[in-house]
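**Student:** Coordinates only, no sequence provided:
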Ligand SMILES: O=C(O)c1cccc(C(=O)CC[C@H]2O[C@@H](n3cnc4c(=O)[nH]cnc43)[C@H](O)[C@@H]2O)c1
């Protein structure tokens, strides 16, 4: 009998992973944790969960905004480097990161890469920032690009990596781009396409993982 990878799928909202939940339905061989939107709910939910449960691999699935226009709307990417970009202090027009203040760190990294699990993966590896407030004005977008030149932004990613690091858990973050980060225009968002592509990718990945080990 195969020694299956014990897998946990983490998402902020159920709609983001609804297609894969329906796909596997009663034949589901993995656990699921819905944390709620944002870094605080994510850190709390994962911290709590990790004290009670053990997994070989934890995958954060979600949609994201992209600063990088070379990434297509709907494209699925692997976020490997994620920054709590708001963690620090303002000094008039300047920003002092938490590292410079001497109170810890803001950057967290994936503790594994997808190519350790999938032989052929064409997904781009990206950087991201994790924010409480979705950027939606030209001024704030220009400021954050100057500050850290991120490719993507989400509201949970770095908190996910943080919780995995603290718990010593192997974590991957896979996201599909639902929108470009721009002056707010919700009509331009392609949430349906991003969710479809994300879930198709995840279904294939979970099937591959089930046939490994
Ligand atoms: O209507 C809105 O303004 C809105 C803002 C953020 C997210 C949503 C969602 O419906 C999905 C929640 C989920 O989406 C991630 N996300 C997607 N795009 C972005 C973005 O441009 N900046 C930050 N986060 C984004 C986020 O991780 C949320 O959990 C609706």
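**Tutor:** In hand now; what should we look at? Everything numeric in this text was worked out from a predicted model, so none of it was measured.
**Student:** remind me, longest helix of this structure?
**Tutor:** Counting residues, the longest helix in the chain under DSSP state H turns out to be helix 191-210.
**Student:** In that helix, which residues are buried?
**Tutor:** Neighbour counts over helix 191-210 (16 or more other C-beta atoms under 10 Å) mark 191, 193-195, 197-199, 201-202, 205-206, 209-210 as buried. To be clear about C-beta, it is placed using only N, CA and C from the backbone, and glycine gets the same treatment.
**Student:** ok, now stretch 74-86?
**Tutor:** Here stretch 74-86 shows 74-86 as buried, counting by 16+ other C-beta under 10 Å.
**Student:** Same list (the buried residues of helix 191-210) but as TSV, adding pLDDT and distance to residue 134.
**Tutor:** Conversion of the buried residues of helix 191-210 to TSV gives the following (pLDDT from 0 to 100; distance: C-beta to C-beta, whole Å):
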residue	pLDDT	distance to residue 134
191	98	13
193	98	19
194	98	15
195	98	17
197	98	20
198	98	18
199	98	22
201	98	23
202	98	23
205	97	27
206	97	29
209	95	32
210	92	35
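**Student:** Among these, find me the one that's closest to the ligand.
**Tutor:** Nearest to the ligand among the buried residues of helix 191-210 is residue 191, at 6.2 Å by C-beta to the nearest ligand atom.
**Student:** ok, the closest one touching residue 177?
**Tutor:** No - contact criterion C-beta atoms under 8 Å: residue 191 and residue 177 do not qualify, at 10.4 Å.
**Student:** okay, and the common contacts of the two?
**Tutor:** Listed contacts common to residue 191 and residue 177 are residue 63; contacts here mean C-beta atoms under 8 Å, 6 or more residues apart in numbering.
**Student:** what helix or strand does residue 144 sit in?
**Tutor:** Assessed by DSSP states H and E, residue 144 sits inside helix 138-148.
**Student:** for residue 21, same thing?
**Tutor:** helix 18-24.
**Student:** Check residue 9 too.
**Tutor:** With DSSP H and E as the criterion, residue 9 is inside strand 7-11.
**Student:** Does that strand pack against any helices or strands, and if so which?
**Tutor:** Where contact means 3 or more C-beta pairs under 8 Å, 6 or more residues apart in numbering; DSSP states H and E, strand 7-11 is packed against strand 31-34, helix 39-52, strand 57-66, helix 191-210.
**Student:** If I take the longest helix of the chain and strand 7-11, what angle do their directions form?
**Tutor:** For helix 191-210 against strand 7-11, the angle by axes from the mean of the first three to the mean of the last three C-alpha atoms, to 10 degrees is 170 degrees.
**Student:** Helix 191-210 - contacts with which helices or strands?
**Tutor:** Contact here means 3+ C-beta pairs under 8 Å, 6+ apart; on that basis helix 191-210 packs against strand 7-11, helix 18-24, strand 57-66, strand 76-83, strand 171-180.
**Student:** rerun that using 6 Å as the cut-off
**Tutor:** Under the contact criterion of 3 or more C-beta pairs under 6 Å, 6 or more residues apart in numbering; DSSP states H and E, helix 191-210 touches helix 18-24, strand 57-66, strand 76-83, strand 171-180.
**Student:** Thanks a lot, see you next time.
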